[in-house]
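Engineer: model the following, please.
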Amino acid sequence: MAQPFIATHDEPGRSFPGRRNRDRYEEHPCTARGEVSGPVSAGCGTLEGMDLGNGWWGIAAILVVGVAVVAYGWLSDRRADRARREALASPPSSGPVPAYLTLDAATHATVAPVLTEAERRALPERLKDASAIAAGRPSDDFVTDPPWTVLRSPAVLVCPAELSDIRDLIPAVTSLEPHRSLVVAALSFDADLLTTLAVNFTQHALVALPITGDDDLLTQICDATRARRVPLADLHAGYLRADSLGTCGLWVSDARRSFVLPPKVSS
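Structural biologist: Numbers count the residues shown, from 1 in each chain. A predicted model of the protein is given here:
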């Protein structure tokens, strides 16, 4: 069995069983000062006693470089995101500057009339014999033939819920023939959605008239147009039965009432 290794500072001629222990004994400053006897551990109460080695310094250097790279990438991404937002909000740097449309101009554009002059003269008489629905257009932004809003052969969507997003109307809009108008009857509409519909109405992007009413009024509209109630969940899911939309010959609304007229039969 090997004898335990014991060394003292006053034994300069003593041989050592291993070069590693010998080097540690001879080179460590604590042994040179006579502070310890025997092999020296990693620490001896001073910073000089730490034997980190080149590997630890390499790891520290990698960590410092890694943190610097991450910080640079984060700052670079922030600058790039800011530049993209500014580019989206600014006109193109080359070519003609686009004419931006203000909300006031968008909602007060002139809407082409729907009625011919002969139909306009005959309309008051036709309205006398029509059943009125106690719900009118939400604002004058939807006027087509003052003082009325007139839609010819519109599709009619009835949803017994509050509508708050233009995307709720996508299933109905995508099922329409090009340029066909739409009446949307619901329990209520979000203010932002009403503004969106008004802008689209005056710009002829989507001619959709919102009508707000209680459950009885929605039933009256279903009876007059043969529309079916469409749950909001179906609209969110993008589902719309082919027979869900109603229609009529002429939809006429003023500020207080709406009228559902059948197609006029020519004599």
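
Engineer: avg pLDDT for the longest helix belonging to the chain?
Structural biologist: Counting by DSSP state H, the longest helix found in the chain is helix 53-89. Averaging pLDDT along helix 53-89 gives 75.

Engineer: in that helix, what counts as buried?
Structural biologist: Residues of helix 53-89 classed as buried: none (neighbour count, 16 or more other C-beta atoms under 10 Å). All C-beta spots, glycine's among them, are computed from the backbone N, C-alpha and C.

Engineer: repeat that for stretch 117-131.
Structural biologist: In stretch 117-131, counting by 16+ other C-beta under 10 Å, buried: 119, 123, 127, 130.

Engineer: residues contacting the residue lying closest to the third one once chain neighbours are set aside?
Structural biologist: The shortest distance from Leu127 to any residue that is not its chain neighbour, by C-beta to C-beta, 6 or more residues apart in numbering, is 5.5 Å, and that residue is Phe259. Contacts for Phe259 (C-beta atoms under 8 Å, 6 or more residues apart in numbering) come out as 127, 130-133, 250-253.

Engineer: can you redo these as a markdown table with pLDDT and distance to Ser175?
Structural biologist: Shown next, in a markdown table, are the contacts of Phe259 (pLDDT from 0 to 100; distance: C-beta to C-beta, whole Å):
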| residue | pLDDT | distance to Ser175 |
| --- | --- | --- |
| Leu127 | 94 | 30 |
| Ala130 | 89 | 27 |
| Ser131 | 86 | 27 |
| Ala132 | 93 | 29 |
| Ile133 | 96 | 24 |
| Leu250 | 95 | 21 |
| Trp251 | 97 | 18 |
| Val252 | 97 | 24 |
| Ser253 | 97 | 23 |
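
Engineer: closest to Val207 among the residues you listed?
Structural biologist: Distance to Val207, by C-beta to C-beta, is smallest for Trp251 among these, at 11.0 Å.

Engineer: wait, what's in contact with that closest one?
Structural biologist: If you count contacts by C-beta under 8 Å, 6+ apart, then Trp251 has 149-151, 154, 156, 183, 209, 258-261 around it.

Engineer: out of those residues, who's nearest Gly246?
Structural biologist: Val156 (3.8 Å).

Engineer: can you name the residues bridging to that closest one?
Structural biologist: Counting by DSSP bridges, Val156 is bridged to Val183, Gly246.

Engineer: where in this protein is pLDDT low?
Structural biologist: Within the chain, the ranges that satisfy pLDDT under 70 run 1-55, 84-110, 264-267.

Engineer: all helices for it, in order.
Structural biologist: Using DSSP H, helices in the chain cover 19-27, 29-32, 53-89, 103-107, 117-128, 170-174, 191-202, 215-225, 232-236.

Engineer: need the contact partners of the last one.
Structural biologist: Counting by C-beta under 8 Å, 6+ apart, helix 232-236 makes contact with 159-163, 168-172, 240, all of which sit outside it.

Engineer: ok, so of these, who is nearest Ala205?
Structural biologist: Distances from Ala205 to those, taken by C-beta to C-beta, are shortest for Leu169, at 12.3 Å.

Engineer: any idea how far Asp81 is from the closest one?
Structural biologist: Distance of Leu169 to Asp81, computed by C-beta to C-beta, to the nearest Å: 32 Å.

Engineer: same deal with Val158?
Structural biologist: For Val158, the distance to Asp81 equals 43 Å [C-beta to C-beta].

Engineer: what of Pro113?
Structural biologist: Taken as C-beta to C-beta, the span from Pro113 to Asp81 is 47 Å.

Engineer: ditto for Pro171
Structural biologist: 34 Å.

Engineer: what does Leu151 give?
Structural biologist: Following C-beta to C-beta, the distance that separates Leu151 from Asp81 is 44 Å.

Engineer: show me how the record splits this protein into domains.
Structural biologist: Taking automatic domain parsing as the criterion, the chain consists of the domains 1-51, 60-92, 117-261.

Engineer: just name the most buried of these.
Structural biologist: The highest mean neighbour count among the domains of the chain, using mean count of other C-beta atoms under 10 Å, belongs to domain 117-261: a mean of 17.

Engineer: and that domain, how far apart are its ends?
Structural biologist: Using C-alpha to C-alpha, to the nearest Å, the end-to-end distance of domain 117-261 comes to 18 Å.
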